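>>> fold the stuff below for me.
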Amino acid sequence: MARVDYLDDPNAPAANSVVPSVTVVIRDDQGRILLIHKIDNDLWALPGGGHDAGERITDTAVREVKEETGLDVEVVRLVGTSTNPHHVMPYDDGEVRQQFSLGFEGRWMGGTPHEDGTETKAVRWVDPGDLDGLNIHPSMRLRIDHALDASRTAPFPRLSCGKTFIGPLNRFFEDRRCPDPRAVHRVLPRVPRQDFGDALIEGQSFAIRTCRQIGCDQSV
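Coordinates of the predicted model:
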C-alpha cells in the first residue's frame with residue numbers, strides 16, 4: 001500500500017489507527033548502518049514494521065529484519081521510543097496511522113543483505129557520513145541519530161507533548177514546532193555542559209529556551 005508521511009502538518013488527516021511497530025539499527029564491523037529503500041514511500045529507512053498478535057516485540061524486530069533484508073539478528077537493546085501524535089501516515093486503503101514505534105539495536109548474526117521486492121527495493125550498508133545524501137524522513141533520521149549517539153546509556157524517550165529537553169541525562173526530545181527537529185541537536189553541543197544544570201527541570205528550561213531561539217513558540 002502506498003503511504004505519505006505527515007509531520008506537524010495542520011492539513012494532515014486525523015488518525016484512525018495506532019499500530020505498535022519497530023525499527024532496528026544494525027551496524028557492520030566497519031560501523032556502517034543497514035538501510036532499506038522502501039517501496040511504499042520511496043524513502044530510505046531503518047528496517048522494521050508492525051507488531052503481530054502472538055509476538056513479543058523483540059520477535060517483531062527479528063522477523064521484520066529477516067523479511068525486509070534477509071539478515072538474521074538478535075536484539076541488543078532498546079534505543080528509544082517514537083510516539084509523536086502529530087506524525088501520521090495515511091494509506092491508500094483509508095487507514096491513517098499515528099506513529100507508535102520502538103527503536104532497537106540489533107546484532108548481525110547471519111545472512112546476506114538483499115531486498116525483498118515487496119517492501120524494499122534496495123538494501124545498503126551506509127556510512128554515517130553519507131546519510132545526508134539520502135532521502136530520509138526527519139523522524140527516521142532522528143531515530144538513526146539517537147542510535148549513533150555513543151554518549152547514551154539509556155533509551156531516548158520522545159514525549160507525545162512534543163517538548164524539547166536535553167540535560168545531564170542526555171535525553172533529547174523532538175519539539176513539534178521546530179522547523180527542523182534536528183536543529184536543537186545541532187545547537188546544544190556548542191553550549192558548555194555546565195549550562196545544562198543538574199536537575200531535570202533546569203534541563204527542560206534550558207532546552208526550551210534554546211529551541212525558541214530557532215523558532216519554537218510552544219510554552220511548557
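
>>> shaky segments in the chain?
Within the chain, the set of residues satisfying pLDDT under 70 comprises 1-3, 153, 156-220.

>>> mind doing that once more with 80?
By pLDDT under 80, the low-scoring segments of the chain are 1-4, 151-220.

>>> let me see the ranges of the helices in it.
Using DSSP state H, the helices of the chain run over 57-69, 138-148, 183-187, 200-213.

>>> other SSEs contacting the first one?
Contact here means 3 or more CB pairs under 8 Å, 6 or more residues apart in numbering; DSSP states H and E; on that basis helix 57-69 packs against strand 21-26, strand 33-38, strand 48-50, strand 72-82, strand 101-110, strand 120-126. The way it works is simple: take the backbone N, C-alpha and C, and place the C-beta from them, glycine included.

>>> out of these, deepest packed?
Counting by mean count of other CB atoms under 10 Å, strand 21-26 has the highest mean neighbour count of the helices and strands packed on helix 57-69, with a mean of 24.

>>> packing partners for it?
Counting contacts by 3+ CB pairs under 8 Å, 6+ apart, the secondary-structure elements packed against strand 21-26 are strand 33-38, strand 48-50, helix 57-69, strand 72-82, strand 101-110, helix 138-148.

>>> quick check: can you name the pairing partners of the shortest one and their directions?
Strand 48-50 pairs in its sheet with strand 21-26 (antiparallel), by DSSP bridges.

>>> let's see the strand it pairs with as PDB, backbone CA atoms only.
This file holds the C-alpha atoms of strand 21-26, laid out as PDB (Å, rounded to 0.1, in the frame of the first residue of the first chain):
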ATOM      1  CA  SER A  21       5.800  -1.100  15.300                       C
ATOM      2  CA  VAL A  22       9.600  -1.300  15.500                       C
ATOM      3  CA  THR A  23      12.700  -0.100  13.700                       C
ATOM      4  CA  VAL A  24      16.100  -1.800  14.100                       C
ATOM      5  CA  VAL A  25      19.600  -0.300  13.800                       C
ATOM      6  CA  ILE A  26      22.200  -2.800  12.600                       C
END
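
>>> residues in contact with that strand?
Applying CB atoms under 8 Å, 6 or more residues apart in numbering, the contact partners of strand 21-26 are 33-34, 45-51, 57, 60-61, 64-65, 71, 73, 75, 79, 100-108, 140, 143-144, 147.

>>> and residue 113, how many neighbours does it have?
For residue 113, the count of nearby residues is 21 (other CB atoms under 10 Å).

>>> next one: phi and psi at it?
Backbone geometry at residue 113, expressed as degrees, to the nearest 10, gives phi -60, psi 130.

>>> can you give me every residue that contacts it?
Residue 113 makes contacts with 34, 69, 70, 71, 123, 124, 125, as judged by CB under 8 Å, 6+ apart.

>>> which residue sits closest to it, ignoring its sequence neighbours?
On the basis of CB to CB, 6 or more residues apart in numbering, the spatially nearest residue to residue 113 that is not a chain neighbour turns out to be residue 123, at 4.5 Å.
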